[in-house]
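Trainee: After the sequence you'll find the predicted model.
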Amino acid sequence: MPIIPQDTPTVTKPDKVIEELRYHPVVIIKGHGTVAIGNSFQEAFLLTDLLEEAVRCQFFKEAFLPIERRKLQSSKNGQRPAAAGKRYELFSRDQHEGFN
């Protein structure tokens, strides 16, 4: 799933979005959200809905992994370990600053 960097919540670089949509039916625009294309509005909505459900499943899967196992998986993938025990109010300024 391509993630396209953006400087603002408004799409300022549509060329990158259009290019990725040629190869992928759904793209994520960092700080903005998702964009999907399909043969109909319903198909594009379904793709977005499926992505949301996949992310939700991954979130809960990782939430229930033991902390040591999470650290091991993160280091194997070259990702930084998830912040254990850190909680944010949904869509708060602290949450967004914590992920930058």
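Mentor: Sure thing, it's come through.
Trainee: ok, and for the longest helix seen in the chain, which residues are buried?
Mentor: With DSSP state H setting the assignment, residue counts place helix 41-63 as the longest helix in the chain. Judged by neighbour count (16 or more other CB atoms under 10 Å), helix 41-63 contains these buried residues: 44, 47-48, 51. Placement of C-beta: from N, CA and C, glycine included.
Trainee: could you dump those residues to a markdown table with distance to residue 15 and pLDDT?
Mentor: As requested, those are exported to a markdown table (distance: CB to CB, whole Å; pLDDT from 0 to 100):
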| residue | distance to residue 15 | pLDDT |
| --- | --- | --- |
| 44 | 20 | 94 |
| 47 | 21 | 94 |
| 48 | 22 | 93 |
| 51 | 22 | 91 |
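Trainee: can you give me the strands for this structure?
Mentor: Here the chain has its strands, by DSSP state E, at 3-4, 26-29, 33-36.
Trainee: coming back round to it: tell me what the longest helix of the chain is packed against?
Mentor: Under the contact definition 3 or more CB pairs under 8 Å, 6 or more residues apart in numbering; DSSP states H and E, helix 41-63 sits against strand 26-29, strand 33-36.
Trainee: Deepest-packed of those strands, please.
Mentor: Most buried of the helices and strands packed on helix 41-63, by mean neighbour count (mean count of other CB atoms under 10 Å): strand 26-29, with a mean of 20.
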